[in-house]
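Undergrad: sequence plus predicted model, see below.
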Amino acid sequence: MLNKDNPIIIQDLEFISQSTIAWKELFNQSILITGCSGFIGSYLVKALIYANKVHNLNLKVIGVYRNLKSVNSRLLEYINEPNLELILHDITKPLKDDFPKVDFIIHAASQASPIYYGVDPVGTILANSAGTEHLLNHAVKSKSKKFLFFSSGEIYGNPVYPNELIREDDYGYINPMNVRSCYAESKRLGETMCVAWSKQYNIHVNVVRPFHTYGPGIDLNDGRVFSDFVGNAVEGNNIILKSDGLAKRPFCYISDAVIGFLMVLISGKNAEAYNVGNPEAEVTMRYLAYQIRDLFPKLNLEVEFDIKDEDDKYIKSPVLRSCPSVDKISAIGWTPSIGIQEGFNRTIKSFQMR
């Protein structure tokens, strides 16, 4: 078995493989995953390769990436797997004529870090729009069985009723003239494109809307607050809060999230969107900072506040609270099980094992 990967990741993959996902539906199938060099995309690749061995699925996994350094960093131990093929391609560009036809397509390629929203808003938009068009057309051409689009909890904007859990048919305010909206608005467009292609070309589409997914392998330099906190702990530095820390976010550990994504791929209803988040693990940024500090008392870390003016490279979200209802995905069998303490403990320890 793939025992050269990080031990905590291997434990996650075993947990995913033993879940109630209807693995038999993937027997003798092929799955294409864009963004396989990213955090979530690479975990999906690993989970499917691992489950392929555990359940003898004869599953073909094709990963599409545009960053060779990143794919080598995340998937080095998997590159020689006989059931994995890796393709270098920028998904914002048209697909080549010989692009492989597959049974399932998962479009997870996207610039999810807020750093990119100010530096490369055009590239952020194109991955979610042009990239989605290319892949939907390929799904039609390939007569693919199912297409899964990775959207985001950010599409809800600023909730109308922030004290209530957000259902899949709730939508708040997004200012299209704010450059930060390049991500949420293009995700919204990608969702509409999926529904349009499904209606016009009769293909099965689903949308997942992740809320703050984290775990081993997150990019510690992507500018998100929880990534900064993990990086601080890994490096043995004090945990720095750059705001009052009162914004609340629900955090979903990666193994729980991957199970949810795959359940929607296999069992989701056509042209439907599903929240994937953990409302039981919703905390303020201030609470999270102190929790991470307390997880590793031997490091003698302190929580510091360093509130400055807006950083041009990081465009802060105006949303103070956005927490999902997961009733819809629960109806197809998904329940998150890993809380804040266990999840961040596993995440930080995975970096310490490197």
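TA: Sure thing, it's come through.
Undergrad: from Tyr290, how far out is the spatially most central residue of the chain?
TA: With distances taken as CA atoms, centre = their mean, Ile40 lies nearest the centre of the chain, 4.4 Å away. Computed as CB to CB, to the nearest Å, the Ile40 to Tyr290 distance reads 27 Å. Heads up, the C-betas are built off the backbone N, CA and C, glycines and all.
Undergrad: one more: Thr335?
TA: Thr335 is 27 Å from Tyr290, by CB to CB.
Undergrad: now do Pro121
TA: Going from Pro121 to Tyr290 by CB to CB gives 34 Å.
Undergrad: likewise for Ala273?
TA: For Ala273, the distance to Tyr290 - CB to CB - is 34 Å.
Undergrad: over to Asn52?
TA: Counting by CB to CB, the gap from Asn52 to Tyr290 is 41 Å.
Undergrad: show me which of these two is the more surrounded one.
TA: Asn52 (23 against 16; other CB atoms under 10 Å).
Undergrad: counting contacts, what elements does the helix or strand of the chain with the lowest mean pLDDT pack onto?
TA: For the chain, counting by mean pLDDT, DSSP states H and E, helix 114-119 ranks last in confidence among helices and strands (a mean of 88). Applying 3 or more CB pairs under 8 Å, 6 or more residues apart in numbering; DSSP states H and E, we find helix 114-119 packed against helix 121-128, helix 181-201.
Undergrad: tell me the buried residues in it?
TA: Going by neighbour count (16 or more other CB atoms under 10 Å), the buried part of helix 114-119 is Pro114, Ile115, Tyr116, Tyr117, Gly118.
Undergrad: can I get it in CSV? Just the C-alpha atoms.
TA: Included here for helix 114-119 are C-alpha records, laid out as CSV according to Å, rounded to 0.1, in the frame of the first residue of the first chain:
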residue,chain,number,x,y,z
PRO,A,114,-7.5,35.5,-1.6
ILE,A,115,-4.0,36.5,-2.6
TYR,A,116,-4.9,35.9,-6.2
TYR,A,117,-8.1,38.0,-6.1
GLY,A,118,-6.1,41.2,-6.1
VAL,A,119,-3.0,40.0,-8.1
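Undergrad: ok now it, how far from the chain's centre?
TA: 17 Å (CA atoms, centre = their mean, to the nearest Å).
Undergrad: and stretch 81-89, by the same measure?
TA: For stretch 81-89 - counting by CA atoms, centre = their mean - the centre lies 20 Å from the chain centre.
Undergrad: average pLDDT across it?
TA: Mean pLDDT, stretch 81-89: 97.
Undergrad: so Ser325 sits against Asp169, correct?
TA: No - between Ser325 and Asp169 there is no contact under CB atoms under 8 Å: 10.2 Å.
Undergrad: who's more crowded, the two?
TA: Between Ser325 and Asp169, Ser325 has the larger neighbour count (other CB under 10 Å), namely 16 against 7.
Undergrad: pull the contacting residues for the residue nearest to the more buried one when sequence neighbours are not counted.
TA: Leaving aside its sequence neighbours, Ser325 sits nearest to Leu165 (CB to CB, 6 or more residues apart in numbering; 3.9 Å). Leu165 makes contact with Pro279, Cys323, Pro324, Ser325, according to CB atoms under 8 Å, 6 or more residues apart in numbering.
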